[in-house]
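# The following block contains a protein sequence and its predicted model.
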Amino acid sequence: MLAAFLTTILFSLSAISARRLSHFVNGTEANLVRLLFVAVLLGLWTHFATAGISGAAFPLLFASGCIGFGVGDLAMFQAYPRIGARRTIVLIHCLAAPFGAIAEWLWLGHAPTPAQAGFGILILVGVAVALLPRKADAQPIHGLSVGISFGILSALCQGGGAVISRKAYEVAQTAGHPLHGVSDAMNAAWQRVLGGIVISAFVFSCLKVAQKTSLPSKRNWAKGWPWMIGTSLAGPALGVTCYQWALISEKTSIVLPIVATTPLVVTPMAHFWEGDRITWRTLVGAALAVAGVIGLTLAK
């Protein structure tokens, strides 16, 4: 459980940094640069301290990164401008957990207990209550169906990527090389990042060819690089390391609902650093989600 809690905090810090970075650099370019930066950092560590790209789990972890880091994140960024950040976050986090739990049950045979399922649902309800847009919020006019479709695709990829990682750890266990601890989780995070780089670089290249120019608009790395380092370290580096550490030891149906509280942790950070408003509904939803996390921690 500690690894899942750390993941939530680190992902929240990464989200704040990424939001700041988006003011200075194009999103597609920034995502590719941060993945390359993290690949170098984790690659140096893994080649000197762990197995590098060897191991029975590598093909599955690479595929997990392609699906989760690659397709999932691209779909998420397509949903943002069409249905808004708040709706996108609710849609992805509240669907990824049940998608992942069902996939793990059908593929790996790991079903949550009734108590775990109940507390997981309570967490997702709390997240939805806290983050669903108010009636006064701007309503999407164009691209609503397309935005929802991208959001659902992203949720499927996030949940599917987690389950593929779980399968990778079972393959490693069967091969006689079980993964455990932070060091192996960091190696797994790097192998997943490699998959994300392949998809991100492919899409970036396609966009450049389609536009027949370099990607323009926002490109102020002089001001953006501190935020790039921040979102890289808190997200794909340390955050995903803790995420993989959590998946090594716990079922998807337990890890994903806890990680789904990330938007709630972002809320007070955004309030103090960016002036975002905290409403009574945010507090009620947060209380429900925290109660669900406590119950999930104690449930058998």
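Received the coordinates, thanks. Numbers count the residues shown, from 1 in each chain.
# Distance check, the residue positioned nearest the centre of the chain against G285.
Centroid-nearest residue in the chain, with CA atoms, centre = their mean: Q158, separated by 6.8 Å. From Q158 across to G285, the span is 20 Å (CB to CB, to the nearest Å). Glycine gets a C-beta too; all of them are placed from N, C-alpha and C.
# element containing W190, please.
Secondary structure assigned from DSSP states H and E places W190 in helix 181-211.
# elements contacting that helix?
For helix 181-211, the packing partners by 3 or more CB pairs under 8 Å, 6 or more residues apart in numbering; DSSP states H and E come out as helix 27-49, helix 58-65, helix 73-83, helix 144-174, helix 238-249.
# Show me what secondary structure element comes after it.
Next along from helix 181-211, by DSSP H and E: helix 221-232.
# Show the average pLDDT along that next one.
Throughout helix 221-232, pLDDT has a mean value of 88.
# okay, the residue nearest to M269 when sequence neighbours are not counted: pLDDT?
Nearest in space to M269, with sequence neighbours left out and distances taken as CB to CB, 6 or more residues apart in numbering, is I16 at 5.3 Å. pLDDT recorded at I16 is 83.
# burial count for I16?
Burial of I16, expressed as a neighbour count using other CB atoms under 10 Å, amounts to 19.
# Name the SS class of it, please.
Judged by DSSP: H, G, I helix; E, B strand; the rest coil, the three-state class of I16 is helix.
# Out of the helices and strands packed on helix 181-211, which one sits most buried?
Comparing the helices and strands packed on helix 181-211 by mean neighbour count (mean count of other CB atoms under 10 Å), helix 238-249 comes out on top with a mean of 26.
# contacting residues around that helix?
Contact partners of helix 238-249, identified using CB atoms under 8 Å, 6 or more residues apart in numbering, comprise 1, 3-4, 6-7, 10-11, 13-14, 42, 162, 165-166, 169, 179-182, 184-186, 188-189, 192-193, 255, 258-259.
# ok, of these, which come out buried?
3-4, 6-7, 10-11, 13-14, 42, 162, 165-166, 169, 179, 184-186, 188-189, 192-193, 255, 258-259 (16 or more other CB atoms under 10 Å).
# any idea how far V90 lies from V71?
Distance check for V90 against V71: by CB to CB, it reads 20 Å.
# again, but for L44
Counting by CB to CB, the gap from L44 to V71 is 27 Å.
# likewise L207?
Note on L207: its distance to V71, by CB to CB, is 15 Å.
# And those two? Which one has more around it.
Higher neighbour count among L207 and V71: V71, with 21 against 13, using other CB under 10 Å.
# show me the contacts for the nearest residue to A30 once chain neighbours are set aside.
Nearest residue to A30 in three dimensions, chain neighbours excluded: L21, at 5.5 Å (CB to CB, 6+ apart). Contacts for L21 were tallied using CB under 8 Å, 6+ apart; they are 30, 224, 227-228, 231.
# Name the member of those with the most neighbours.
Among the contacts of L21, the one with the most neighbours (other CB under 10 Å) is T231, at 27 neighbours.
# surely that one meets S22?
No: T231 lies out of contact with S22 (CB atoms under 8 Å); the separation is 9.6 Å.
# what's the closest non-adjacent residue to G68?
In this structure, G68 finds its nearest non-sequential neighbour in G161, 2.6 Å apart by CB to CB, 6+ apart.
# what sits against the one you found?
By CB under 8 Å, 6+ apart, the residues touching G161 are 64-65, 67-69, 72, 192.
# If we use 6 Å, what do you get?
Residues counted as contacts of G161 (CB atoms under 6 Å, 6 or more residues apart in numbering) are 64, 67-68.
# For R277, grab the count of nearby residues.
By other CB under 10 Å, 8 other residues sit near R277.
# for it, helix, strand, or coil?
R277 ends up coil, using three-state DSSP.
# Begin at 27 from now on, thanks
Happy to do that; since the first residue is 27 now, the last one works out to R303.
# Output the below-cut-off pLDDT ranges for the protein.
53, 75-78, 160-168, 237-244, 300, 326 (pLDDT under 70).
# Indicate which one of the helices and strands packed on helix 207-237 is closest to L132.
For L132, the closest of these is helix 170-200, at 9.3 Å, according to CB to CB.
# Kindly calculate the angle that that closest one makes with helix 207-237.
Counting by axes from the mean of the first three to the mean of the last three CA atoms, to 10 degrees, helix 170-200 lies at 140 degrees to helix 207-237.
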